[in-house]
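Q: Below: sequence and its predicted model.
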Amino acid sequence: MSEPIVQFKNVHKSFGDVEVLKGIDLDISPSEKVAIIGPSGSGKTTIIRMLMTLEKITSGDIIVDGQNLWKMEKNGSMVEANQKHLRSIRGDIGMVFQHFNLFPHMTILENCMTAPIHVKKEEKTEVRKRSIQMLERVGLGDKLDNYPNQLSGGQKQRVAMARALVMRPKVMLFDEVTSALDPELVGEVLEVIRDIAKNDDMAMILVTHEMDFALDIADKVVFLDEGVIAESGSASQVIEHSQNERLQSFLSRFRN
Amino acid sequence: MDYVIEFIPQIARGLNITISVLIASALFAYIMAFFSGLCRLSNNVIVRKFTGFYVEIFRGTSLIVQLFWLYYAIPMLFGIQLGSNWWVGVFAIGLNYGAYLSEVVRTSILSVAQGQYEAATALNMSRFQRMRIVIFPQAVRMMLPEFGNYTIQILKGTSLVSLIAMSDILYYGDILRGSYQQQTPIIYGIVLVLYFILALPLIWLTKKGEKIAKKGVAS
Ligand SMILES: Nc1ncnc2c1ncn2[C@@H]1O[C@H](COP(=O)(O)OP(=O)(O)OP(=O)(O)O)[C@@H](O)[C@H]1O
Ligand SMILES: [Mg+2]
């Protein structure tokens, strides 16, 4: 197997006195699709946010494409990463948020174009072409000049995905991207993620409560429980054939 | 009625002072507002404390006392002139309203949703890019109504420069009253109407700003 694109090595995270992640070890290979499941408060969001550099780690290492994310070498010893170091690595990572977080003062085309132009210094006409293609791919080719507040939740979330994708990340993070949506809009968003998962070769980490969806697209499913990885394996192993009692009782809540 | 026609041009002679002090002190206040509003959000404690001190001093004391300090007290204490009366008036009003407006700048920036910072970070924007491309444009939309309101306040505040011998419209009104005691209501009526006419475009701009603010931040 190829070198992992993301590695968690004994990662701990505390908020104040409360330790929410108690030693996470996780390898993700390039193009692997990983679903993280687990009860509320088990630390799923925290794992994703640490990888996106939105939350510091307390101890351990996160390695992205061979580089230590939160630590850097200075005068021969490892010190906490500075902004410059974080910035040099986090370009490999993209994220889609539960609440979309589109930029409300920009049209959806501008939402997609701004980072490639300003952050990656790419050429504007090329970025424009690529952004339009991406928006067409998520089914919004006719809304380019609309503002986010003119879109439905499902449409907003599809814009958010296009915006992350035009940056061409090596790893895409999805944190419960359908849970803020009306039930009838969930399908269209899952459909886009399915399309990305099947056709793009980037790695994906999805926090989700959609078990059927995880079964369909995930190469690996990780069950997080009380701050540790309690079970991990292929989707069918974990979701259909696990003996772990807590996992079974967690899953039983999704069957009806 | 004859008096009205006679007085209007007399009082209107003060318009250029009132308007020029309004424009200059408003611009100065805006600059102070953005400068100190951003300083108060700085990572540097000294910068933060220092600008906080300025803001609280100027918000906590009255404009007229500040004006007299700049005009009478500081030149006596330190033997320096701060410039012509016009400049002293512009400084005092600009510093005073700049302090209020810096709070508007600061709180508007802070009220941009946390998710916006996070989305900008996830797109790998630098600290400066986050501010310039994502946070600031949204914060400015929120600031517009308050900037409009304070500009109307500044217009009213300009009348204080008549106290340091600047010949604005209130000053000419006072002069006229000296000679026409009986016509005092007419004189101040004209002054009132002139201020209101000057305020009209500002009121209109404020309303417009409110509309932009409402539209610009819904996501
Ligand atoms: N900024 C924070 N400060 C303090 N505690 C926090 C913070 N963020 C998360 N926590 C706590 O850490 C724990 C894990 O939170 P996290 O959001 O990662 O859980 P989750 O698995 O994503 O849950 P959910 O399914 O409800 O989204 C929770 O107990 C939460 O209260
Ligand atoms: Mg969560």
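A: Yep, that arrived. Numbers count the residues shown, from 1 in each chain, chains lettered A, B, ... in the order given. Ligands and ions are numbered 1, 2, ... in the order given.
Q: Can you tell me which residue sits nearest the middle of chain A?
A: residue A:173 (0.8 Å; CA atoms, centre = their mean).
Q: isn't there a strand covering that residue?
A: Yes - counting by DSSP: H, G, I helix; E, B strand; the rest coil, residue A:173 is found in a strand.
Q: measure it to ligand 1 for me?
A: For residue A:173, the distance to ligand 1 equals 12 Å [CB to the nearest ligand atom, to the nearest Å]. In short, each C-beta sits where N, CA and C put it, glycine included.
Q: who does that residue bridge with?
A: residue A:95, residue A:205 (DSSP bridges).
Q: What about the closest residue to ligand 1 within the stretch 51-200 of chain A, how many residues nearby?
A: Here the stretch 51-200 of chain A gets closest to ligand 1 at one residue, residue A:176, 6.2 Å apart by CB to the nearest ligand atom. The number of residues packed near residue A:176 is 19, by other CB atoms under 10 Å in any protein chain shown.
Q: Same check on the one 5 residues further on?
A: Counted by other CB under 10 Å, the residues lying close to residue A:181 total 20.
Q: mind listing what residue A:32 touches?
A: Residue A:32 is in contact with A:5, A:203-204, A:219-220, counting by CB atoms under 8 Å, 6 or more residues apart in numbering or on different chains.
Q: hang on, I meant residue B:75
A: Residue B:75 neighbours (CB under 8 Å, 6+ apart): B:81-82.
Q: what helix or strand is it on?
A: Here residue B:75, judged by DSSP states H and E, is contained in helix B:74-78.
Q: tell me which parts of the stretch 1-150 of chain A are close to ligand 1?
A: Within the stretch 1-150 of chain A, the residues that sit near ligand 1 (CB under 6 Å from any ligand atom) are A:15, A:20, A:38, A:40-46.
Q: ok, how many other residues are close to the residue nearest to residue B:55 when sequence neighbours are not counted?
A: Leaving aside its chain neighbours, residue B:55 sits nearest to residue B:99 (4.6 Å; criterion: CB to CB, 6 or more residues apart in numbering or on different chains). Per other CB under 10 Å, the neighbour tally for residue B:99 reads 24.
Q: wait, is residue B:99 part of a helix?
A: Yes - under the criterion used here (three-state DSSP), residue B:99 sits inside a helix.
Q: Sort out which residues of stretch B:116-127 are buried, please.
A: B:116-126 (16 or more other CB atoms under 10 Å in any protein chain shown).
Q: Check what pLDDT the nearest residue to residue A:124 once chain neighbours are set aside gets.
A: Spatial nearest neighbour of residue A:124, excluding adjacent residues (CB to CB, 6+ apart): residue A:117 at 5.9 Å. pLDDT recorded at residue A:117 is 96.
Q: what sits against residue 4?
A: Unless you meant another one, I'm taking chain A. A:27-30, A:63.
Q: not what I meant, chain B
A: B:186, B:190.
Q: Name the SS class of it, please.
A: helix.
Q: now it: how far from residue A:231?
A: The span separating residue B:4 from residue A:231 equals 89 Å under the rule CB to CB, to the nearest Å.
Q: as a whole number, average confidence for stretch A:149-165?
A: Summarised as a single mean, pLDDT over stretch A:149-165 is 94.
Q: where along the chain do the helices fall?
A: Going with chain A. A:44-51, A:83-90, A:108-118, A:124-137, A:153-165, A:183-199, A:211-217, A:235-240, A:245-252 (DSSP state H).
Q: Switch to chain B, please.
A: So, for chain B - with DSSP H - the helices run B:2-12, B:15-39, B:45-60, B:63-68, B:74-78, B:85-111, B:114-122, B:127-129, B:136-157, B:169-179, B:184-217.
Q: Show the average pLDDT along the fifth one.
A: When the per-residue pLDDT values of helix B:74-78 are averaged, the result is 87.
Q: How about exporting that helix as PDB, limited to the C-alpha atoms?
A: Output in PDB follows, covering the C-alpha atoms of helix B:74-78 (Å, rounded to 0.1, in the frame of the first residue of the first chain):
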ATOM      1  CA  ILE B  74      -2.900  72.500  26.000                       C
ATOM      2  CA  PRO B  75      -1.400  75.600  24.400                       C
ATOM      3  CA  MET B  76      -0.900  77.100  27.900                       C
ATOM      4  CA  LEU B  77       0.500  74.000  29.500                       C
ATOM      5  CA  PHE B  78       2.900  73.000  26.800                       C
END
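Q: buried residues in that helix?
A: Buried residues in helix B:74-78 (16+ other CB under 10 Å): none.
Q: same check, this time on the third one
A: The neighbour-count check on helix B:45-60 (16+ other CB under 10 Å) flags B:51, B:54-55, B:58 as buried.
Q: I'd like those residues laid out as JSON lines, including distance to residue A:129 and pLDDT.
A: Below are the buried residues of helix B:45-60 laid out as JSON lines (distance: CB to CB, whole Å; pLDDT from 0 to 100):
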{"residue": "B:51", "distance to residue A:129": "45", "pLDDT": "95"}
{"residue": "B:54", "distance to residue A:129": "50", "pLDDT": "94"}
{"residue": "B:55", "distance to residue A:129": "48", "pLDDT": "95"}
{"residue": "B:58", "distance to residue A:129": "52", "pLDDT": "94"}
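Q: from the residues you listed, which is closest to ligand 1?
A: residue B:51 (28.5 Å).
Q: isn't the closest one right up against residue B:103?
A: No - taking contacts as CB atoms under 8 Å, residue B:51 lies outside contact range of residue B:103: 11.0 Å.
Q: Counting neighbours, what do you get for residue B:192?
A: Residue B:192 - counted by other CB under 10 Å - has 12 other residues nearby.
Q: Can you get me a residue count around whatever residue of chain B ends up closest to ligand 1?
A: Of all residues in chain B, residue B:114 sits closest to ligand 1, at 10.5 Å by CB to the nearest ligand atom. For residue B:114, the neighbour count with other CB under 10 Å is 10.
Q: Could you do residue A:45 as well?
A: Quick note: residue A:45 (other CB under 10 Å) scores 18 neighbours.
Q: Quick check, pLDDT for it.
A: pLDDT, residue A:45: 95.
Q: Can you name the residues that contact residue B:13?
A: B:167, B:172.
Q: if you set the cut-off to 6 Å instead, what comes out?
A: residue B:172 (CB atoms under 6 Å, 6 or more residues apart in numbering or on different chains).
Q: now residue B:33
A: Residue B:33 sits in contact with B:98, B:101-102, B:105, where contact means CB under 6 Å, 6+ apart.
Q: ok, 10 Å please
A: B:55, B:94, B:97-106, B:143, B:146-147, B:150 (CB atoms under 10 Å, 6 or more residues apart in numbering or on different chains).
Q: got it, and residue B:146?
A: With CB under 10 Å, 6+ apart, residue B:146 has these contacts: B:33, B:100-101, B:103-105, B:107-108, B:206, B:209-210, B:213.
Q: Quick one: buried ones out of these?
A: B:33, B:100-101, B:103-105, B:108, B:206, B:209, B:213.
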